[in-house]
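S.K.: okay, here's the prediction I keep looking at, along with the sequence it came from:
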Amino acid sequence: MQTSINQPDDPATGARMRTSVDVDAPPAAVPDVVAVKRHYGRWVAVAILAALAVGAVKSLAQNPQLEWDVVGQYLFDGLILEGLGQTVVLALLSMLGATAIGLVFGFFRLSKNPVLGTLGSLYVWVFRSVPALIQILFWGNLALFAPRLGVGIPGTGWSLISAPTNDVLSPFAASIVALSIANGAYLAEIIRAGLLSVDEGQRLASSALGLTWWQAQRKVILPQALRVMIPPAGNQFITLLKETSLVSVIAGGDILSKAENIAGYNLRTIELLVVAAIWYLLVTSAATLGQNIIERRTARGLLQQKRKQKPAGAVDMKEASL
Amino acid sequence: MSSVDIVNVHKSFGDNHILKGIDMRVRQGEVVCLLGPSGSGKSTLLRCINGLVMPDQGHVSVGGTLIGRKVQGGKLHDLSDKEAAGQRERIGMVFQQFNLFPHLDVRDNLVLGPRAHRLGGKAELEGKAHQLLAKVGLSDRAKAFPSQLSGGQQQRVAIARALMMGPGLMLFDEPTSALDPELVGEVLDTMRSLAQEGMTMIVVTHEMAFARQVADRVVFMADGRIVEDTTPDSFFDNPGTERARAFLRLA
Ligand SMILES: Nc1ncnc2c1ncn2[C@@H]1O[C@H](COP(=O)(O)OP(=O)(O)OP(=O)(O)O)[C@@H](O)[C@H]1O
Ligand SMILES: [Mg+2]
């Protein structure tokens, strides 16, 4: 039997290639070795980029306006390190606050209750629309129109506790409140998307097992939603880490506030900005690393979810212990 | 084991009247197969039995307990989330798509429900999980994740999971419809042995041979109504309605 397969002539050699496969013919000699791919284009790109990078580093290093020994001198300055600590604490506490707020409003937005649903939408709309800088200035200057803060019944004059706003809401506290509220709107959206990504069958199965709504969320839905939420939440945290620099406008005590303070009396503005930038770079890198670790840990069991219905036995148990 | 009483159950989704007055009774230890064309409301009815869907009118009671509602001032009122959840403890349900928890291994899938209900200590429940896994022929897969199991194995795990709380009633919604043909048998065998132990079972299925062999009764639904409610032999050999004959010709 002969099967005919049409193939183009080889233009390089002019030879006519075999146009039919003769099943009975002895196999042609085909080499066993696959050629190694050579990515010449990549090497050229790397060379160009390397040249550009060297140029950039050289111009920075040799710029007389930028004294690197001053940068080195302030990199570990006591005030800078204190500001760095404040920045990290500010970012962590704000992320915590934003996550708590995001959980509440994320669930609200998915609620069948129209009141809660509308409340959730309104929250996200307002606090995602107003620039974080305005929100920070607002909370930082709250004393201007609310001189006292307290708990009581409005209109009755009765109050449980009351204190001057500036005593309760230090610039640092105001910064945490502002950043939590502003980022809470983004977290609400991230959490909502995560919750939506979980298959409806998981809710049904949880209910059928007699789990209450909250038990189902905690043990079944949220752990699965987490996997989807972590990359955008990590992204949001890194944005937040840098957004903390905005609180320097109300002297929030972060690293940029400190750098500006120092630059205010030694006039080494550029050097101190470089100091702050270096620390942001390091802290952000650490956060990225942390995100990767968390991502890997939450992928447990879910990694192979896509590869459905693999027969038993054909399974590499190492996958399960990830 | 529990009996089931379904009385004049109506359910609409928006303008779609899906269940149009269902009356049905299942005695303790009985196996009832629920048959009917796609969209006739079989899943909706099954979900009314454990309160995943609440009827607009009528009621369901299991073992004499009203499901998802209580009577107050001559009317039915919804139970709280917690009370309704507590009622589902004794009603097992198995789904077409298995719905195992993909982030938990097989043993943790089994232990999750009873842990939430505080039905025992960790060691005790894990012991019970191993017994039930042995019963469905999967003792060696306790540490596997659902995605590492075949469809038939996943469904058997789902059955074991539903049995963990010692249900008096088991609901099956097309448990073999998502399976490759060669895996259907192992799941049906598991269900058959459960039926032999005297479990009350309501099974939505397209497996006519299973219905004929295992069911005590066949209930045939069409367009949100029960059209036939009879013995398997009489349903398959001598269907009383044109709807049922048309259905059987296609099956
Ligand atoms: N939660 C819901 N919201 C809106 N419509 C629904 C809902 N659940 C079911 N329906 C509709 O009710 C009708 C009956 O659905 P049901 O799942 O009960 O049918 P079924 O008999 O189980 O069909 P199948 O054999 O395809 O599973 C369908 O038209 C379906 O679209
Ligand atoms: Mg169905």
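M.R.: Here it is on my side, so go on. Ligands and ions are numbered 1, 2, ... in the order given.

S.K.: for the helix or strand containing A:W139, give me every contacting residue.
M.R.: For A:W139, the host element (DSSP states H and E) is helix A:132-140. For helix A:132-140, contacts defined as Cβ atoms under 8 Å, 6 or more residues apart in numbering or on different chains pick out A:127, A:169, A:171, A:174-175, A:177-179, A:181-182, A:243, A:246-247, A:249-250, A:252. All C-beta spots, glycine's among them, are computed from the backbone N, C-alpha and C.

S.K.: can you give me the buried ones in the helix or strand that comes right after that helix?
M.R.: Moving toward the C-terminus from helix A:132-140, the next helix or strand (DSSP H and E) is strand A:148-152. Residues of strand A:148-152 classed as buried by neighbour count (16 or more other Cβ atoms under 10 Å in any protein chain shown): A:L149.

S.K.: could you identify the helix or strand that succeeds strand A:148-152?
M.R.: strand A:159-164.

S.K.: that following strand pairs with which strands, parallel or anti?
M.R.: Strand A:159-164 has its sheet partners listed here by DSSP bridges as strand A:148-152 (antiparallel).

S.K.: which residues does the strand it pairs with contact?
M.R.: Against strand A:148-152 from outside (Cβ under 8 Å, 6+ apart): A:L142, A:W158, A:S159, A:L160, A:I161, A:S162, A:A163, A:P164, A:T165, A:V168, A:L169.

S.K.: need the mean per-residue confidence for it.
M.R.: The average pLDDT within strand A:148-152 is 75.

S.K.: still on that earlier bit, closest to chain B among the contacts of strand A:148-152?
M.R.: A:L160 (31.4 Å; Cβ to the nearest Cβ).

S.K.: which residues does that closest one contact?
M.R.: A:G150, A:V151, A:G152.

S.K.: which residue ranges of chain B form strands?
M.R.: B:4-13, B:16-26, B:31-35, B:57-62, B:65-66, B:69-72, B:75-78, B:91-94, B:169-173, B:200-204, B:217-222, B:225-230 (DSSP state E).

S.K.: what helix or strand is A:N235 on?
M.R.: Per DSSP H and E: A:N235 is located in helix A:222-243.

S.K.: my read: B:F101 touches A:A205, true?
M.R.: Yes. The criterion here is Cβ atoms under 8 Å, and B:F101 meets it with A:A205 at 7.3 Å.

S.K.: what does the stretch 151-251 of chain B put close to ligand 1?
M.R.: Counting by Cβ under 6 Å from any ligand atom, no position of the stretch 151-251 of chain B is adjacent to ligand 1.

S.K.: near chain A, which residues of the stretch 151-251 of chain B?
M.R.: B:G151, B:Q153, B:Q154, B:R161, B:A162, B:M165 (Cβ under 8 Å from any Cβ of the partner chain).

S.K.: between those residues, which sits nearest ligand 1?
M.R.: B:G151 (17.5 Å; Cβ to the nearest ligand atom).

S.K.: tell me how many other residues crowd A:W213.
M.R.: A total of 16 residues lie near A:W213 under the criterion other Cβ atoms under 10 Å in any protein chain shown.

S.K.: no, scratch that, I was asking about B:R115
M.R.: 18.

S.K.: can you list the buried residues in the helix or strand that the helix holding A:N235 is followed by?
M.R.: Sequence order places helix A:255-266 as the next helix or strand after helix A:222-243, per DSSP H and E. Using 16+ other Cβ under 10 Å as the test for burial, helix A:255-266 gives A:I255, A:L256, A:S257, A:K258, A:A259, A:E260, A:N261, A:I262, A:A263.

S.K.: any chance of those residues in JSON lines, with distance to B:M191 and pLDDT too?
M.R.: Output for these, formatted as JSON lines (distance: Cβ to Cβ, whole Å; pLDDT from 0 to 100):
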{"residue": "A:I255", "distance to B:M191": "65", "pLDDT": "92"}
{"residue": "A:L256", "distance to B:M191": "67", "pLDDT": "92"}
{"residue": "A:S257", "distance to B:M191": "69", "pLDDT": "90"}
{"residue": "A:K258", "distance to B:M191": "70", "pLDDT": "92"}
{"residue": "A:A259", "distance to B:M191": "71", "pLDDT": "93"}
{"residue": "A:E260", "distance to B:M191": "73", "pLDDT": "91"}
{"residue": "A:N261", "distance to B:M191": "74", "pLDDT": "91"}
{"residue": "A:I262", "distance to B:M191": "76", "pLDDT": "92"}
{"residue": "A:A263", "distance to B:M191": "76", "pLDDT": "91"}
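
S.K.: return the member of these nearest to chain B.
M.R.: Among those, and counting by Cβ to the nearest Cβ, the member closest to chain B is A:I255, at 38.2 Å.

S.K.: near chain B, which residues of the stretch 151-300 of chain A?
M.R.: With Cβ under 8 Å from any Cβ as the criterion, the stretch 151-300 of chain A meets chain B at residues A:199, A:201-202, A:204-205, A:207-213, A:215, A:219-220, A:223-224, A:227, A:300.

S.K.: repeat that with 10 Å
M.R.: For the stretch 151-300 of chain A, the residues in contact with chain B (Cβ under 10 Å from any Cβ of the partner chain) are A:198-216, A:218-221, A:223-224, A:226-227, A:298-300.

S.K.: okay, now A:W125: neighbour count?
M.R.: 11.

S.K.: B:H17 contacts B:V9, doesn't it?
M.R.: No. Between B:H17 and B:V9 there is no contact under Cβ atoms under 10 Å: 11.9 Å.
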